[in-house]
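Visitor: What shape does this take:
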Amino acid sequence: MSGFVYRCCCSRCCLLRPFSLVAVADAQDGLEQGQPPGQLARDAGFVVLPGVIRPREGRAWLVDWQGTRAVLRQQTLAPSSTSITRLIDDVAWLHGFLAQLASLGFPSPRPLPSFGGQSWSVADGALWEMVSFLPGQVVGWADEPPMEEIGGLLARYHATARQINLPSQRPGALPFAEVPEILLSPQLEAVGVAPDRAFSIRQLVRQLARDLHDTAALAASRS
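Guide: Predicted coordinates:
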């Protein structure tokens, strides 16, 4: 897999924009013709490599940093100071977790200290982060690798993650109690989920909502 899970539902829209609009967006995001700012590249010491990476959020590039292939990702900062703080806290938490995961031998992206000793930085109105690149592909519905191998990797991940002491939950994590409300909304169709699959998902989510309600009521009765 690559350093992040890259799947962008808006990449086609970006390709359909007139060039003038793309140029304006690049200027607002601190980019130079769709590339990271030259000063940022010089300060961090990276070189953009050929290749297309489509992140779910923001923009990303395959880069070379001191002989290591890496992923550079950019996320534009929202005007709200609360949103900025939450995003920075979330990235800092994630990079700390990834660093520990990699140090324990799990094949995960490693945060790279490319920004003055840190793996992330705020510049030109955006948050920039860099981790090592792991080649691979999304499994999806492919026949290979077999489910046993996938299950083995997941088991290894959980066994490794249990060894990591975390001070708190990830700041950007979605509270479990909010999952039913989101999955019961029209957002499933908005991201292209087929109607029959959306129906099956909602059946399971309604049961989850009932279970959460019953669990909360049981916990309240015991307190």
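
Visitor: could you pull out the strands for this structure?
Guide: With DSSP state E as the criterion, the chain has strands at 46-48, 59-65, 68-76, 120-123, 126-132.

Visitor: now those as a markdown table including distance to residue 91 and mean pLDDT?
Guide: (Glycine included, C-beta is placed from N, CA and C.) Shown next, in a markdown table, are those (distance: least, CB to CB, whole Å; pLDDT from 0 to 100):
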| stretch | distance to residue 91 | mean pLDDT |
| --- | --- | --- |
| strand 46-48 | 18 | 95 |
| strand 59-65 | 14 | 95 |
| strand 68-76 | 8 | 95 |
| strand 120-123 | 5 | 93 |
| strand 126-132 | 6 | 95 |
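
Visitor: ok, what's across the strand from residue 69?
Guide: With DSSP bridges as the criterion, residue 69 is bridged to residue 64.

Visitor: In this structure it contacts residue 131, no?
Guide: No: Residue 69 lies out of contact with residue 131 (CB atoms under 8 Å); the separation is 10.6 Å.

Visitor: more neighbours, those two?
Guide: The residue with the greater number of neighbours, taking residue 69 and residue 131 and applying other CB atoms under 10 Å, is residue 131; the counts read 25 against 15.

Visitor: Let me see the contact set for the more buried one.
Guide: With contact taken as CB atoms under 8 Å, 6 or more residues apart in numbering, residue 131 is in contact with 3-4, 70-71, 95, 98, 109-112, 119.

Visitor: Could you list the buried residues of stretch 87-102?
Guide: Buried residues in stretch 87-102, defined by neighbour count with 16 or more other CB atoms under 10 Å: 87, 91-95, 97-102.

Visitor: Having no further points to raise, I will conclude here.
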